[in-house]
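>>> got a predicted model here, sequence first, then my questions.
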Amino acid sequence: MASGNVSDRNAERLVSLKQLTLGLAQKDFDERYPDQGLSPVVALICAYEEEDCIGDVVKRIPSEACGLRVSTLVVVDGGDDGTARVARDLGAVTFELPVNLGHGVALRAGYRLCVAGGADYVVTLDADGQNDPGEIPTMLAPLVDDEADFVVGSRRLGIDQTSDGYRKLGVVFFATLMNALTGARLTDTSNGFRALRTSLLADVVDRLEQDQYQTSELLVTALKRGWRVTECPTVWYERAAGETKKGGNLFYGFRYAKVMLRTWWRER
């Protein structure tokens with residue numbers, strides 16, 4: 001059999017396994033939340049083995065922002081620790097993948113749940129404590145005031161308390177590349193702290209493909225499809241516990257830039 005045919009069959013098998021995993025997670029979700037409706041604002045957190053961090057993040061999600069009720073949705077991307085249990089015990093709605101599929105897959109699952117659940121706005125936060133849930137109203141305000149459709153948190157306009165100089169240079173590089181490709185004027189395009197209209201998510205979610213590094217894919221796609229994007233100053237904290245799942249700086253930077261360029265080529 002030609003190597004190309006073997007590769008195609010392996011790719012088809014992986015797609016089928018991914019669909020099966022998502023289907024099992026959806027069945028479990030529907031059984032645990034048979035009448036689940038989401039509030040107008042959803043704080044969406046994707047977490048992979050973040051038992052030591054997720055509790056403090058969930059506790060600090062405000063119950064209301066900009067006069068709208070906020071609910072918390074945690075997509076647990078597999079793992080062997082107690083992330084799901086901690087989130088559930090604190091009252092968060094959880095969508096639990098039985099195996100790890102990647103941050104991009106987990107986010108897409110969360111986006112679709114928010115669209116289907118009737119939410120108006122979604123705010124995404126990292127599970128590791130680097131974003132401040134208390135800033136959710138600030139992130140949400142440009143959407144509620146109809147000034148934007150997509151708000152990105154900017155550590156360059158705000159405060160970056162981390163000490164990794166290479167990552168800080170990467171933030172500048174990625175923003176420069178994003179602006180050159182899309183004509184935007186953004187300062188921080190690799191921040192996972194974002195606020196979005198669900199109408200935007202409904203428009204772009206089926207176009208998203210990346211299992212990882214989905215931040216750049218989402219932003220390029222939204223910009224190229226004409227959605228209004230702006231920034232808000234935010235504070236970027238050191239990880240509360242554990243280690244990053246993103247890999248080394250060089251590997252992460254290469255893959256992130258590659259996704260940005262491939263998405264721009266797809267959406268040009």
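Thanks, I have the structure now.

>>> all strands for the chain, in order.
41-47, 64-65, 68-77, 93-97, 121-126, 150-160, 194-197, 229-236 (DSSP state E).

>>> can I get those in CSV with mean pLDDT?
Output for those, formatted as CSV (pLDDT from 0 to 100):
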stretch, mean pLDDT
strand 41-47, 98
strand 64-65, 98
strand 68-77, 98
strand 93-97, 98
strand 121-126, 97
strand 150-160, 96
strand 194-197, 98
strand 229-236, 96
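
>>> most packed of those?
strand 41-47 (a mean of 27; mean count of other Cβ atoms under 10 Å). C-betas here are computed from N, CA, C, even on glycine.

>>> just the residues contacting that strand, thanks.
Residues outside strand 41-47 that contact it (Cβ atoms under 8 Å, 6 or more residues apart in numbering) are 54, 57-58, 61, 65-66, 68-77, 79, 83, 87, 92, 103, 106-107, 110-111, 114, 117, 119-127, 133, 136, 140.

>>> export that strand as CSV, just CAs?
Provided in CSV are the C-alpha atoms of strand 41-47 (Å, rounded to 0.1, in the frame of the first residue of the first chain):
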residue,chain,number,x,y,z
VAL,A,41,-22.1,35.8,30.1
VAL,A,42,-20.0,32.7,30.3
ALA,A,43,-16.5,32.5,31.8
LEU,A,44,-14.9,29.8,29.8
ILE,A,45,-11.9,28.0,31.1
CYS,A,46,-10.1,25.1,29.4
ALA,A,47,-8.0,23.1,31.9
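
>>> and that strand with strand 121-126, angle?
30 degrees (axes from the mean of the first three to the mean of the last three Cα atoms, to 10 degrees).

>>> strand 41-47 pairs with which strands, and in what direction?
strand 68-77 (parallel), strand 121-126 (parallel) (DSSP bridges).

>>> longest helix in the protein, by residue count?
Longest helix of the chain, by residue count under DSSP state H: helix 3-32.

>>> list the helices and strands it packs on?
Applying 3 or more Cβ pairs under 8 Å, 6 or more residues apart in numbering; DSSP states H and E, one finds that helix 3-32 makes contact with strand 93-97, helix 103-116.
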